[in-house]
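>>> my questions concern the predicted model and sequence given below.
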Amino acid sequence: MTTVHLTSADLRAPLGERATVVQFSSTFCAPCRSTRYVAERAVATTDGVAYVDLDVADHLELGERLGIDVTPTILVLDASGGVVRRASGVPTLAQLRSALDSASSVGSSA
């Protein structure tokens, strides 16, 4: 299975030095607001991590390419933009921090 890689051009935002959290949301998605809060807390307390929140309606081509069929969907990217974790629904802060730790260790061993 090939690892999906995303670039800053795909996201229209810079990648983080260590990792990037990408959230696919939709306008009327109540769980998306909770997910945004968790993601912003995790990113604020972790150096070198960027957060990108994309409205799936505004990024249809990318959403289709990645098979995004439910919101919220979170992707955790390593430093090179490789997708190392993917989850739907609202993560806990501990789950997201664990995924960021995994992404950081993948990026540092490459």
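Looks like it came in fine.
>>> can you give me the pLDDT of residue 40?
Confidence at residue 40, expressed as pLDDT, is 97.
>>> next one: it from residue 25, what distance?
Applying CB to CB, to the nearest Å, the value for residue 40 to residue 25 is 13 Å. Where C-beta positions appear, they are placed from N, C-alpha and C, glycine not excepted.
>>> out of the two, which sits in the busier spot?
The neighbour comparison of residue 40 against residue 25 (other CB atoms under 10 Å) goes to residue 25, with 21 against 14.
>>> test my guess that the more buried one contacts residue 59.
No: contact between residue 25 and residue 59 fails when scored by CB atoms under 8 Å: they sit 10.2 Å apart.
>>> quick test: name the residue nearest the centre of this structure.
In the chain, the C-alpha nearest the mean C-alpha coordinate belongs to residue 22, at 2.3 Å (CA atoms, centre = their mean).
>>> and that one, which of the three is it?
Three-state assignment for residue 22 (DSSP: H, G, I helix; E, B strand; the rest coil): strand.
>>> surely it is in contact with residue 59?
No: shown here, residue 22 and residue 59 do not form a contact pair, counting by CB under 8 Å, at 10.0 Å.
>>> about what we covered before: partners of the residue nearest to the centre of the chain in the sheet?
Listed beta-bridge partners, residue 22: residue 52, residue 75 (assigned using DSSP bridges).
>>> residue contacts, it?
Contact analysis of residue 22 by CB atoms under 8 Å, 6 or more residues apart in numbering lists 6, 11, 52, 54, 74, 75, 76, 77.
>>> so can I have JSON lines of the residues you listed showing pLDDT, distance to residue 66 and neighbour count?
Output for the contacts of residue 22, formatted as JSON lines (pLDDT from 0 to 100; distance: CB to CB, whole Å; neighbours: other CB atoms under 10 Å):
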{"residue": "6", "pLDDT": "97", "distance to residue 66": "8", "neighbour count": "20"}
{"residue": "11", "pLDDT": "96", "distance to residue 66": "11", "neighbour count": "19"}
{"residue": "52", "pLDDT": "98", "distance to residue 66": "13", "neighbour count": "22"}
{"residue": "54", "pLDDT": "97", "distance to residue 66": "10", "neighbour count": "21"}
{"residue": "74", "pLDDT": "97", "distance to residue 66": "12", "neighbour count": "23"}
{"residue": "75", "pLDDT": "97", "distance to residue 66": "7", "neighbour count": "22"}
{"residue": "76", "pLDDT": "97", "distance to residue 66": "13", "neighbour count": "27"}
{"residue": "77", "pLDDT": "96", "distance to residue 66": "11", "neighbour count": "27"}
